[in-house]
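Asker: this one's sequence-less:
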């Protein structure tokens, strides 16, 4: 925390002063808040929202996900995701198809237009991503990603 | 991504297959989604929401923040934060005071009751935190936190 707060900071009887600056969930939350904010202008220009953008991103890596799987990957509540998919379908960015084996299940696919939308967002995502790792060397970056993967494996509820 | 998807995965013309599994913002988003989810039951039992919980957490580390500063630290939009603070004030968990020098500015303080509420949430936060770093040794954990701090410094817009 910056100097301005030093003089108004009061000892927390529960925790060390400044505990929050070393608290990984707090730091990740701040980083993700900033990352999402950095994409907002571009998303708006493409008529996308954070849930829509996340769905397109996940589908660009894996086509044909089930809706409940997509909700986990995209970290969007299922009701919010359903609305987002409805709009993306209307706009022609995704299509939904009944699974060939389980006819109760719906799979979601990116259309060529959806891929185009994601492609035009990608340079901004890459810019924000590179900004994150500015002056962080490849070894440190690789190690960081390895640790993130371990953490996700530690806390995820789903087997994916 | 798990085996079930291997056979339905189609080559992405834009990106390598599985790019998302190495994409730090995606991993952080998944982790934070799971972390927030793990606290939801406890938050509900305390009549707290994620914005309220974040405000209490930040105030527990630094009393007397200005509202716009608190919005940045807690990663909550200012209008959402204002509603959360209104409710926290009604419930006696925080108090708002006019700044002694700048009478247009409002500073926010945790009350003893607010600290109690945060204290009863803290064991759950700690459990989730420890679960994250299960089987990750102290060196790796420290390095991870150092990298997070560098990333936040790289992308933050505010000087704190």
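Answerer: Everything's here; your move. Quick caveat, the model's predicted, so the values are computed rather than measured.

Asker: Please count neighbours and contacts with C-alpha atoms only from this point.
Answerer: OK.

Asker: Can you tell me the number of residues neighbouring residue A:134?
Answerer: By other Cα atoms under 10 Å in any protein chain shown, 14 other residues sit near residue A:134.

Asker: and it, how far is that from residue B:21?
Answerer: 21 Å (Cα to Cα, to the nearest Å).

Asker: same check, this time on residue A:72
Answerer: 14 Å.

Asker: Could I get the contacting residues of residue A:76?
Answerer: For residue A:76, the contacting residues are residue A:51, by Cα atoms under 8 Å, 6 or more residues apart in numbering or on different chains.

Asker: Next one: it, what pLDDT does it get?
Answerer: Predicted confidence (pLDDT) for residue A:76: 94.

Asker: Repeat that for residue A:18.
Answerer: According to the prediction, residue A:18 has pLDDT 75.

Asker: before we move on, what about residue A:15?
Answerer: Note on residue A:15: pLDDT of 58.

Asker: Return the distance of stretch A:80-92 from the chain's centre.
Answerer: Centroid separation between stretch A:80-92 and its chain, computed with Cα atoms, centre = their mean, to the nearest Å, is 17 Å.

Asker: Identify all contacting residues around that stretch.
Answerer: With Cα under 8 Å, 6+ apart, stretch A:80-92 has contacts from A:51-52, A:55, A:67, A:71, A:94-96, A:111, A:113-114.

Asker: Tell me which of these fall in helices.
Answerer: A:51-52, A:55, A:67, A:71, A:113-114 (DSSP state H).

Asker: and those residues, which are buried?
Answerer: Neighbour-count burial (16 or more other Cα atoms under 10 Å in any protein chain shown) applied to those gives A:51-52, A:55, A:67, A:71, A:114.

Asker: Could you pull out the helices in chain A for me?
Answerer: A:3-6, A:24-45, A:50-61, A:67-74, A:78-90, A:112-132, A:138-155.

Asker: export the ones you listed to TSV and tack on distance to residue B:124?
Answerer: TSV is the format used below for those (distance: least, Cα to Cα, whole Å):
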stretch	distance to residue B:124
helix A:3-6	28
helix A:24-45	13
helix A:50-61	27
helix A:67-74	22
helix A:78-90	25
helix A:112-132	30
helix A:138-155	14
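
Asker: Looking at those helices, which one is packed in the most?
Answerer: helix A:50-61 (a mean of 23; mean count of other Cα atoms under 10 Å in any protein chain shown).

Asker: Can you tell me which helices and strands that one packs against?
Answerer: helix A:24-45, helix A:67-74, helix A:78-90, strand A:106-110, helix A:112-132 (3 or more Cα pairs under 8 Å, 6 or more residues apart in numbering or on different chains; DSSP states H and E).

Asker: and the last one, does that touch chain B?
Answerer: Yes. Helix A:112-132 comes into contact with chain B (Cα under 8 Å from any Cα of the partner chain), by way of A:119, A:128-129, A:131-132.

Asker: The shortest one too?
Answerer: No. Looking at strand A:106-110 against chain B by Cα under 8 Å from any Cα, there are no contacts, and the closest approach is 10.4 Å.

Asker: Then the first one?
Answerer: Yes. Contact check for helix A:24-45 against chain B, using Cα under 8 Å from any Cα: residues in range are A:24-25, A:27-35.

Asker: mean confidence for that helix?
Answerer: Here helix A:24-45 scores 93 as its mean pLDDT.

Asker: now do the last one
Answerer: Throughout helix A:112-132, pLDDT has a mean value of 94.

Asker: Thought residue A:121 was touching residue A:43, still the case?
Answerer: Yes. Counting by Cα atoms under 8 Å, residue A:121 is a contact partner of residue A:43 at 7.3 Å.

Asker: Residues in contact with both of these two, list them for me.
Answerer: With Cα under 8 Å, 6+ apart, residue A:43 and residue A:121 have no common neighbours.

Asker: What distance do you get for residue A:90 to chain B?
Answerer: Distance, residue A:90 to chain B, using Cα to the nearest Cα, to the nearest Å: 23 Å.
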